[in-house]
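Q: Whatever this is, show me its structure:
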Amino acid sequence: MPLGTARLDGRGNVLEIKSGTGGGFNLDNQLPFVICLPADGLAVGKTWERAYTVTLSPPLGTGEKYDLVQRFTCTALAADRATVSLTTDLKVPPKAAADAMPLWQMMPAGVAVFDLRAGRLESADLTIDKELKGHQGEGSCARFQSKYTIRYAGDH
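A: Numbers count the residues shown, from 1 in each chain. The predicted structure is shown next:
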C-alpha cells in the first residue's frame with residue numbers, strides 16, 4: 001500500500017502533499033525527517049523553525065487542524081557533525097488544556113546529530129513527557145511519556 005508522496009525542499013520541509021496516505025502513515029502529521037537544516041548554513045547558537053499543521057483524524061479527533069512549530073538550535077558544530085536540539089510546541093494552545101492531549105504524541109523534544117559529510121541524520125534521541133493535572137477534577141492526572149531513539153550505522 002503506498003504511503004503517499006510529497007514534494008519536499010532541500011532542507012526536509014514538506015511543501016506539498018501530492019497524494020493520499022496509506023499504511024497508517026500521514027505525511028501531514030508525521031514529518032518525513034526528524035530535523036530540517038537552515039537554508040543559510042549552521043553556526044553554534046543559531047536557531048530556526050519549521051511550522052506545520054496536523055490534522056486530528058479518528059480516533060484522536062474529527063478533522064480538527066492545529067498549527068505546530070518545531071524550534072531548532074545548533075548546539076555543537078564540527079567539520080563533519082552538527083548537534084541540533086529541538087522542541088515542538090503548539091503555535092496557539094487550545095482554550096481547554098485537555099484538548100491538547102491528543103497532540104502530545106506529535107510533540108517531541110530532544111537532540112539530533114547530523115552527519116554533514118554524508119548529508120544524513122546520524123542519530124536522534126527524542127522524548128515526550130507531558131502531564132495535565134486536574135483534567136477530570138481534583139486529584140486526576142493524565143500523563144504521556146515516550147522515548148524514541150534512532151541510530152544509523154554507516155561509513156565515517
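
Q: Could you confirm residue 37 falls within a helix?
A: No. Secondary structure of residue 37 (DSSP: H, G, I helix; E, B strand; the rest coil): coil, not part of a helix.

Q: Now do the residue located most distally from the centre of the chain against residue 153, distance only.
A: What lies farthest from the middle of the chain is residue 138; by CA atoms, centre = their mean that is 32.1 Å. According to CB to CB, to the nearest Å, residue 138 and residue 153 sit 50 Å apart. Yep, even glycine has a C-beta here, placed from its N, CA and C like the rest.

Q: Residue 100 now?
A: In terms of CB to CB, residue 100 sits 37 Å off from residue 153.

Q: same deal with residue 110?
A: For residue 110 relative to residue 153 (CB to CB), the value is 20 Å.

Q: the more surrounded of the two?
A: Remark: of residue 110 and residue 153, residue 110 carries more neighbours, 18 against 6, as counted by other CB atoms under 10 Å.

Q: CA atoms only: put the host helix or strand of the more buried one into PDB for me.
A: Per DSSP states H and E: residue 110 is located in strand 109-115. Extracted C-alpha coordinates of strand 109-115, given in PDB (Å, rounded to 0.1, in the frame of the first residue of the first chain):
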ATOM      1  CA  ALA A 109      11.800  17.300  22.100                       C
ATOM      2  CA  GLY A 110      15.400  16.200  22.100                       C
ATOM      3  CA  VAL A 111      18.700  16.100  20.300                       C
ATOM      4  CA  ALA A 112      19.700  15.000  16.800                       C
ATOM      5  CA  VAL A 113      23.200  14.600  15.300                       C
ATOM      6  CA  PHE A 114      23.500  15.300  11.600                       C
ATOM      7  CA  ASP A 115      26.400  13.800   9.600                       C
END
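
Q: Report the next helix or strand after that strand in sequence order.
A: Taking DSSP H and E, what comes next after strand 109-115 is strand 120-133.

Q: gap between the next helix or strand after that next one and the chain center?
A: Per DSSP H and E, strand 120-133 leads on to strand 141-151 as the next helix or strand towards the C-terminus. Between the centre of strand 141-151 and the centre of its chain there are 13 Å (CA atoms, centre = their mean, to the nearest Å).

Q: List the neighbouring strands of strand 141-151 plus their orientation.
A: Partners of strand 141-151 in the sheet, by DSSP bridges, are strand 120-133 (antiparallel).
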